[in-house]
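K.L.:
Quick one: sequence and predicted model below, then my questions.
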Amino acid sequence: MKKIAVPLIAIIIFLLFWEALVWVNGWPNYKMASPSDVWPAFWKFRTLFFDYGWDTLWRTVVGLMLAVVVGVGLGMIMGFSRTMRDALYPLLVGFNAIPKATVVPIIALMFIGQHDLNTILIAFMISFFPIAVSVSIGLSTLEPEYRDILRALGASKAMIFWKIALPKTLPEFFGALKVSVTLAFIGTNLMEIVSPHGRGLGALFDSGKTNADYPLMFAVLIALALLGIFLYYIVVALEKVFAGWAEREAN
Amino acid sequence: MKSGFIEIKKVSHTYQTQTGPLPVLSELSLSILKDSFTAVVGPSGCGKSTLTRLVAGLLRPDAGTVWLGGQKVEVPRATVGMAFQNPVLLEWRTILQNVMLPLEIVKNSFSVRQKKERATQLLSLVGLSGFEDKRPSELSGGMRQRASLCRALVHKPEVLILDEPFGALDAFTREDLWQVMQSLKEKEPFTGVLITHDLRESIFLADQIVVLSDRPATAQYILDIPVKGPRSLDGLYTPEAIGMLNELRHQIKIAQKRRDSSA
């Protein structure tokens, strides 16, 4: 009860504070829309919100899944082979250092008009790095004794991976996935905002901008926040299921 | 001459390090009888752990051979159980599941129920009844090490290799575990090899104590302990035991002196 009430009250106080701030300063809604402007804006475009919200959601999820597959693959390669780590690490760091906002127009031009593909690609590119690094560190820092207890019994490399390396890396993996899910979401929106005639909440945000519909832009921000929270807690729930053992009781 | 169950014959091993070759074992020979318990002591870094890895087949010697039950050791074999200073229990498994781990790797004809029975029985032998469903993080260091011993023995290995298993425990817990180890020795048939820094531990548990010289190590001195059967902690304070302790300490000093003069 208290667990739900406390954050709920905090949200209500935040909204009241926001409303009061706009009201006291007498800001017009093109400077700062208030929560009472946001709801009508949402209601007016509610079907678009759900359609485009779905677009943003599935593109982010597909991009993130791609990042998981590629990130875990790269992480395994770098985690098991010292040479491969030395070879790939600088490349990855360099790639990661490029601000992804600059890659967005390049990708948009490369696959012009293919909004789904573009968006998924950016979501993937921006989010695989933390996964690759965490998996490779998790695997390469596996204490030799862990390997030895199975090796001494004649276990194969695949067996050692399944029984020990993989489960032992799961907490690090989920830590990275929490970062990656937020990044992928940013990537999706970057592309949706930039590519013309697109779909998704980013496109809705952009149309709010071109039509000077400021309450709509704020409504999109709120919708994005809700979607982001939803995605984040999905990952948290998965973590509880697959790596709940890593959580220690606080006593 | 009676030949041992574990025969180490003129084994030499050198590690290739960044600062050049580092010879750790030099023509080391050792014979260990079936179902006996051998403790290996020696100066720090003299190659004791290398010796256990050779016997376990985790490492192949540069020269010489290791024989186990009449077979040459070239790869790891399921007839060996190992426990280390770090209990390396898997945090995502319960204690019972941890103990059962080797049975998932080693080929055996046990049913799931028999595996559980075997693990539960071993856990009760070391005083961990009632902790089967706990996670390793809920146990104390000594209890984790007990579970680790159960895991090393669950598949009924012929050889049990212990690499300083009690080294990280406090003195009282350590003495408890010596007694646990002694009762395991009575109930479970295995040939034991114990690496230790604790001379009293070696006298309490072993039938034969090997003092290794400093690197590159060879068997410098072998002490046979005449006492058969279970021992008591009080036995460590008899004149005979103190005499043995002094002799071992003297031998280790000789081993260290060799290092000082060569350094």
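P.N.:
Received the coordinates, thanks. Numbering: from 1, shown residues only, chains lettered A, B, ... in the order given.

K.L.:
which residues in the stretch 101-250 of chain B form strands?
P.N.:
Listed in chain order, the strands of the stretch 101-250 of chain B (DSSP state E, counting those that start in this stretch) span residues B:159-163, B:191-195, B:208-212, B:219-224.

K.L.:
Could you look up the next helix or strand downstream of the longest helix along chain A?
P.N.:
For chain A, the longest helix by residue count, based on DSSP state H, is helix A:46-80. Next helix or strand after helix A:46-80 toward the C-terminus (DSSP states H and E): helix A:82-97.

K.L.:
what about the residue nearest to B:Glu132 when sequence neighbours are not counted, helix or strand, and which?
P.N.:
Distances taken as CB to CB, 6 or more residues apart in numbering or on different chains put B:Leu96 closest to B:Glu132, at 4.0 Å, once the chain neighbours are dropped. Quick note: C-beta positions are derived from backbone N, CA and C, even for glycine. Assessed by DSSP H and E, B:Leu96 sits inside helix B:95-105.

K.L.:
who's in contact with that helix?
P.N.:
The contact list for helix B:95-105, computed with CB atoms under 8 Å, 6 or more residues apart in numbering or on different chains, reads A:149-150, A:153-155, A:159, A:163, B:78, B:81, B:89-90, B:93, B:110, B:115-116, B:118-120, B:122-123, B:128, B:131-136, B:139, B:147, B:150-152, B:154-155.

K.L.:
buried sites along it?
P.N.:
B:95-103, B:105 (16 or more other CB atoms under 10 Å in any protein chain shown).

K.L.:
Quick check: residues of chain B near chain A?
P.N.:
Residues of chain B found near chain A (CB under 8 Å from any CB of the partner chain) are B:53, B:56-58, B:75-78, B:80-82, B:84, B:86, B:88, B:90-92, B:101-102, B:104-106, B:135, B:137, B:151, B:155, B:161.

K.L.:
ok, the residue nearest to B:Glu132 to chain A distance?
P.N.:
Using CB to the nearest CB, to the nearest Å, B:Leu96 is found at 14 Å from chain A.

K.L.:
so where is the chain shaky, pLDDT-wise?
P.N.:
No chain was given, so I picked chain A. Chain A contains residues with pLDDT under 70 at A:248-251.

K.L.:
actually chain B
P.N.:
B:1-2, B:258-263.

K.L.:
Tabulate the CA atom coordinates of stretch B:67-83 in PDB.
P.N.:
This file holds the C-alpha atoms of stretch B:67-83, laid out as PDB (Å, rounded to 0.1, in the frame of the first residue of the first chain):
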ATOM      1  CA  TRP B  67      50.300 -42.300 -13.000                       C
ATOM      2  CA  LEU B  68      47.000 -42.700 -11.400                       C
ATOM      3  CA  GLY B  69      45.800 -46.200 -10.700                       C
ATOM      4  CA  GLY B  70      48.100 -47.600 -13.300                       C
ATOM      5  CA  GLN B  71      47.000 -45.200 -16.000                       C
ATOM      6  CA  LYS B  72      49.000 -42.300 -17.300                       C
ATOM      7  CA  VAL B  73      47.400 -39.000 -16.600                       C
ATOM      8  CA  GLU B  74      47.100 -36.900 -19.700                       C
ATOM      9  CA  VAL B  75      43.700 -35.300 -19.500                       C
ATOM     10  CA  PRO B  76      41.400 -34.500 -16.600                       C
ATOM     11  CA  ARG B  77      39.500 -37.500 -15.400                       C
ATOM     12  CA  ALA B  78      36.200 -37.900 -13.500                       C
ATOM     13  CA  THR B  79      37.800 -40.000 -10.800                       C
ATOM     14  CA  VAL B  80      39.300 -36.900  -9.200                       C
ATOM     15  CA  GLY B  81      37.600 -34.500  -6.900                       C
ATOM     16  CA  MET B  82      39.000 -31.000  -6.100                       C
ATOM     17  CA  ALA B  83      38.500 -28.400  -3.400                       C
END
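
K.L.:
Great, nothing more from me.
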